[in-house]
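1. sequence plus the predicted model coming up.
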Amino acid sequence: MHAAMSSDAPRYWVGGGGGDAAPQPGVALEVSPGVHWLRMPMPLALDHINLWLLADGDGWTAIDSGLPTDATRAAWEQVFAGTLQGRPLRRVLCTHMHPDHVGLTHWLCARSGAELWMTQGEYLSARLMSAGLEPTDPDSALAHYRAHGAPDGELDKLSGRGNFYRRMVAQVPLRYRRIVAGEAIRIGDSDWTVIEGAGHSPEHAALWCAQHGLLISGDMLLPKISTNVSVFPIEPGADALGRYLRALCRFEPLPAETRVLPSHGLPFIGVHGRVRQLREHHAERLEAVMQACRAQPRSAYELLPVLFHRVLDAHQLGFALGEAIAHAHRLYAAGLLARDDDAGVHRWRAERLSPDAVRLAAGLDAPT
Ligand SMILES: [Zn+2]
């Protein structure tokens with residue numbers, strides 16, 4: 001088991017694999033011919049996002065834009081004055097709709113005349129939420145959180161998240177160029193193929209370039225942290241974790257030596273090992289949920305201490321509860337948990353433990 005874990009560990013490849021290889025904000029680091037790494041600050045527990053700047057003929061294509069903060073704008077101004085060498089930014093391709101990825105796109109496109117390229121699912125979600133249209137009405141959201149066991153005192157925190165997105169992303173460009181799964185996008189002298197993701201966001205786009213042996217993985221594949229996979233009130237019955245785990249299969253055909261450029265953390269090699277680690281991680285959490293629900297039926301809210309061993313602030317609570325529901329729904333969809341409706345609260349019950357079936361539900365076939 002330990003040998004398998006260590007061979008699965010991502011291997012960092014930029015700057016000799018050192019931990020401080022990341023470039024300073026505003027300074028680009030070329031990691032492969034014509035492929036530059038930009039790191040932008042974030043005032044959050046997750047304190048940075050990686051963007052990628054690709055030489056594109058007589059101009060440039062940027063992958064993602066950063067959070068709309070003064071610090072990110074200042075770093076971009078430095079990039080315009082330096083790395084771009086006076087050549088135009090023609091295209092901003094956003095992997096997905098989350099504020100750290102799409103947040104500064106409106107400013108960046110207005111500043112440079114660049115076009116926005118994005119999948120339809122991500123673009124329309126970003127348009128909807130930046131327009132201040134909540135994904136669902138407040139009553140449905142409250143009913144959703146209540147049905148998953150959130151007590152009245154916590155409901156305010158959860159519903160107080162309303163318009164969080166709009167506060168971060170006031171605008172996105174009003175036009176875009178749609179990209180679709182499997183499409184090969186010509187950037188400079190290389191083709192980058194769109195690999196569709198799911199479970200983290202509606203229609204995530206990762207980009208694979210066979211010529212460079214590079215994968216821009218967005219948030220679907222990160223070297224250290226596991227990608228957030230949540231069930232939200234807009235789609236209360238979703239098996240988001242099942243979607244995420246199935247989408248991971250699309251990275252498995254890539255060559256073992258693929259160099260991965262993730263949105264957070266350091267560039268790494270080891271796509272297959274990382275996919276396996278993530279499946280193992282979710283299998284462990286699913287097993288913990290099974291154990292807890294075998295002892296007594298529990299709501300998703302009551303599963304939070306099983307899955308999270310730290311104090312959660314209001315913002316984290318929404319994602320944590322979403323993740324707890326996602327794990328319960330994966331087991332429910334796999335037929336391993338039953339659902340009791342106890343005075344309007346969903347409580348999950350495990351009749352018997354079945355570790356092999358749990359591993360199957362996490363996309364792992366052979367028990368170890
Ligand atoms: Zn994201």
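-> That came in fine, so what should we check first? The model shown is predicted, which means the values in this text are computed figures rather than measured ones.
2. in this structure, which spans are helices?
-> Secondary structure of the chain, counting by DSSP state H: helices at 2-8, 70-81, 99-102, 105-112, 120-130, 138-147, 152-159, 164-168, 240-248, 271-295, 300-307, 314-333, 355-361.
3. pLDDT on the fourth one, on average?
-> So that's helix 105-112. For helix 105-112, mean pLDDT is 98.
4. tell me which residues of that helix come out buried.
-> Neighbour-count burial for helix 105-112, counted by 16 or more other Cβ atoms under 10 Å, picks out Thr105, His106, Trp107, Leu108, Cys109, Ser112. Every C-beta, even on glycine, is put in place using the N, C-alpha and C of the backbone.
5. how many neighbours does the closest residue in space to the last one that isn't next to it in sequence have?
-> For Ser112, the nearest residue in space outside its immediate sequence neighbours is Leu89; the separation is 4.0 Å by Cβ to Cβ, 6 or more residues apart in numbering. Other residues near Leu89 come to 22 when the count uses other Cβ atoms under 10 Å.
6. low-confidence ranges in the stretch 251-368 of the chain?
-> 366-368 (pLDDT under 70).
7. what about 90?
-> 310-316, 318, 342, 351, 365-368 (pLDDT under 90).
8. give me the residue from it nearest the ion.
-> Ser263 (7.1 Å; Cβ to the ion).
9. the ion contacts on this structure?
-> His98, Asp219 (Cβ under 5 Å from the ion).
10. can you pull the domain assignment for the chain?
-> 11-271, 280-361 (automatic domain parsing).
11. hang on, isn't the residue nearest to Ser112 packed against Thr105?
-> No. Assessed by Cβ atoms under 8 Å, Leu89 is found out of contact with Thr105, at 11.2 Å.
12. Ala333: how many residues sit nearby?
-> Ala333 has 15 nearby residues by other Cβ under 10 Å.
13. what residues does the residue nearest to it when sequence neighbours are not counted make contact with?
-> Once flanking residues are discounted, Ala333 sits nearest to Asp239: 4.5 Å by Cβ to Cβ, 6+ apart. By Cβ atoms under 8 Å, 6 or more residues apart in numbering, the residues touching Asp239 are Ala326, His329, Arg330, Tyr332, Ala333.
14. one more: Leu158?
-> Leu158 touches Ala141, Leu142, Tyr145, Ala150, Ala314, Leu317, Gly318, Leu321, counting by Cβ under 8 Å, 6+ apart.
15. and what of Gln171?
-> So Gln171 contacts His106, Ser130 (Cβ under 8 Å, 6+ apart).
16. number of residues surrounding the residue in the stretch 151-300 of the chain that the ion sits nearest to?
-> Of all residues in the stretch 151-300 of the chain, Asp219 sits closest to the ion, at 3.8 Å by Cβ to the ion. Using other Cβ under 10 Å, Asp219 has 23 neighbouring residues.
17. same check, this time on the one 10 residues further on
-> Neighbouring residues of Val229 were enumerated by other Cβ under 10 Å; the total is 23.
18. could you list every residue that touches the residue lying closest to Arg87 once chain neighbours are set aside?
-> Nearest non-adjacent residue to Arg87, counting by Cβ to Cβ, 6+ apart: Gly59, 5.2 Å away. Neighbouring residues of Gly59 by Cβ under 8 Å, 6+ apart: Arg87, Pro88, Leu89, Arg90, Arg91.
19. quick check: beta-bridge partners of Gly59?
-> Counting by DSSP bridges, Gly59 forms beta bridges with Asp56.
20. tell me how far it lies from Gly188.
-> 9 Å (Cβ to Cβ, to the nearest Å).
21. likewise for Val271?
-> Taking Cβ to Cβ, one finds Val271 at 23 Å from Gly188.
22. swap in Thr258?
-> 19 Å.
23. and what of Ala141?
-> Ala141 is 44 Å from Gly188, by Cβ to Cβ.
24. looking at those two, which is more packed in?
-> Neighbours were counted for Ala141 and for Gly188 using other Cβ under 10 Å; Ala141 has more, 22 against 18.
25. which one is that one nearest to, not counting chain neighbours?
-> Pro233 (4.2 Å).
26. isn't the one you found right up against Arg146?
-> No. Counting by Cβ under 8 Å, Pro233 does not reach Arg146; the two are 10.7 Å apart.
27. Tyr176 touches Thr119, doesn't it?
-> No. In this structure, Tyr176 is not within contact of Thr119 by Cβ under 8 Å, at 9.5 Å.
28. what sits up against stretch 21-40?
-> 12, 14-15, 41, 48-55, 66-67, 71-72, 74-79, 82-83, 188-190, 212, 214, 259, 261, 266-267.
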